[in-house]
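> what follows is a protein structure lacking sequence information:
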């Protein structure tokens, strides 16, 4: 959900099933201004009679993080999931739209079951994106493990 449609807007966000085994996520965010500062707050929640905080809740300077990934292993774990399918691969400024294209659910599944094994359950990754000092978007990603 975008907070200020004059600043940024979701062009599309889809989950597509090509067949029974291949599913992917794609999304595009249009930026209407040059982005020089990006702060991201992300929290992981697990469903226990409603979504409750689970393990992580942190805020990071995304412009700094891109060049210094070793300093934040949790953010690096999350970034590693999308980095091969996005154009978020350089530090600020961003003067182009942000795209995540054909992120396979198999990649996500591999990271949350093999790289860092999570217990079965329903999870939500809640993110707040502050661009140039303005809360611009809230993105929630839901995953069920069984």
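That came in fine, so what should we check first? Values in this document were obtained by computation on a predicted structure and should not be read as measured data.
> where does this structure dip in pLDDT?
For the chain, no stretch is flagged by pLDDT under 70.
> in it, which helix has the most residues?
helix 73-82 (DSSP state H).
> tell me the helix or strand right after it.
strand 98-104 (DSSP states H and E).
> and that next one with helix 73-82, angle?
For strand 98-104 against helix 73-82, the angle by axes from the mean of the first three to the mean of the last three Cα atoms, to 10 degrees is 70 degrees.
> buried residues in strand 98-104, which are they?
Using 16 or more other Cβ atoms under 10 Å as the test for burial, strand 98-104 gives 98, 99, 100, 103. For the C-beta atoms, the positions are set from N, CA and C on the backbone; glycine is no exception.
> ok so residue 111 is a strand residue?
No. Counting by DSSP: H, G, I helix; E, B strand; the rest coil, residue 111 falls outside a strand, being helix.
> with adjacent residues omitted, what lies nearest to it?
Excluding the flanking residues, the one nearest residue 111 by Cβ to Cβ, 6 or more residues apart in numbering is residue 81, at 4.9 Å.
> confirm for me that that neighbour is in contact with residue 109.
No. Residue 81 is beyond contact range of residue 109, at 10.2 Å (criterion: Cβ atoms under 8 Å).
> which one of the two is surrounded by more residues?
It is residue 81, of residue 81 and residue 109, that has more neighbours when counted by other Cβ atoms under 10 Å, with 18 against 13.
> what does stretch 1-11 contact?
Taking contacts as Cβ atoms under 8 Å, 6 or more residues apart in numbering, the residues outside stretch 1-11 that touch it are 27-33, 97, 131, 134-139.
> for residue 89, see how far away residue 21 is.
Distance, residue 21 to residue 89, by Cβ to Cβ, to the nearest Å: 28 Å.
> which stretches in this structure count as strands?
Counting by DSSP state E, the chain has these strands, from start to end: 8-17, 23-31, 38-47, 51-61, 98-104, 121-131, 134-145.
> and these as TSV, adding distance to residue 75?
Output for those, formatted as TSV (distance: least, Cβ to Cβ, whole Å):
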stretch	distance to residue 75
strand 8-17	21
strand 23-31	19
strand 38-47	8
strand 51-61	5
strand 98-104	16
strand 121-131	11
strand 134-145	15
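> quick one, what contacts residue 98?
By Cβ under 8 Å, 6+ apart, the contact list for residue 98 reads 28, 29, 31, 86, 87, 88.
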